[in-house]
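Undergrad: Compute the structure for the input listed below.
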Amino acid sequence: LADFCPCPGGDTPSAKRMFDAVLSGCIPVILSEDFVWPLSREFDPENKAFLDPEHFSIRLNSTLFFEPKLSKENCTPVSSNNPPLHDMLSSISNEKIKSLLEGLKEARQTYSFYRFDTSQPDEL
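TA: Numbering: from 1, shown residues only. Have a look, this model is predicted:
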């Protein structure tokens with residue numbers, strides 16, 4: 001089971017892959033400048049009842065990933081000023097990952113179309 005699910009921007013600011021990541025228990029790594037989580041404080045900062053995306057997701061500046069990491073000619077690594085995504089995610093502490101996974105449980109309830117049976121074990 002993966003801890004992180006990269007969610008690059010697509011043809012629309014909102015994409016199903018972000019919600020798929022939440023519902024599968026995987027921390028979404030948002031690689032889009034335009035995406036705003038619905039029912040969140042990104043949408044309405046004054047509404048304290050809304051979710052705080054920093055409690056269940058990670059947002060990285062998408063421009064960090066515009067630069068090619070491999071040569072087009074022979075697929076060998078090229079020098080880059082930006083670390084690879086894997087290195088960025090590997091630097092996140094275990095405590096932060098545990099905190100994000102806990103926040104993911106609340107987000108999962110908010111973004112689900114059905115209610116989970118709390119009497120059944122939850123693998124999150």
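Undergrad: same question for the longest helix along the chain, mean pLDDT?
TA: Ordering each helix of the chain by length in residues (DSSP state H) puts helix 94-110 first. In this model, helix 94-110 carries a mean pLDDT of 93.
Undergrad: Next, the buried residues of it.
TA: Within helix 94-110, the residues that count as buried by 16 or more other C-beta atoms under 10 Å are 100, 103-104, 107-108. Yep, even glycine has a C-beta here, placed from its N, CA and C like the rest.
Undergrad: Please state the offset of that helix from the chain centre?
TA: Relative to its chain's centre, helix 94-110 lies at 11 Å (C-alpha atoms, centre = their mean, to the nearest Å).
Undergrad: which secondary structure elements does it contact?
TA: The helices and strands touching helix 94-110, judged by 3 or more C-beta pairs under 8 Å, 6 or more residues apart in numbering; DSSP states H and E, are helix 16-23, strand 27-31.
Undergrad: Buried deepest among these, which one?
TA: With neighbours taken as mean count of other C-beta atoms under 10 Å, these reach their highest mean count in strand 27-31, at a mean of 22.
Undergrad: That strand: how far from the chain's middle?
TA: On C-alpha atoms, centre = their mean, the centre of strand 27-31 falls 2 Å from the chain's centre.
Undergrad: ok, residues contacting the helix or strand that it is followed by?
TA: Using DSSP states H and E, the helix or strand that follows strand 27-31 in sequence is strand 58-59. With contact meaning C-beta atoms under 8 Å, 6 or more residues apart in numbering, strand 58-59 is reached by 4, 27-30, 53, 89, 92, 100.
Undergrad: Low-confidence stretches in this protein?
TA: Applying pLDDT under 70 to the chain flags the ranges 1, 12-14, 115-118, 122-124.
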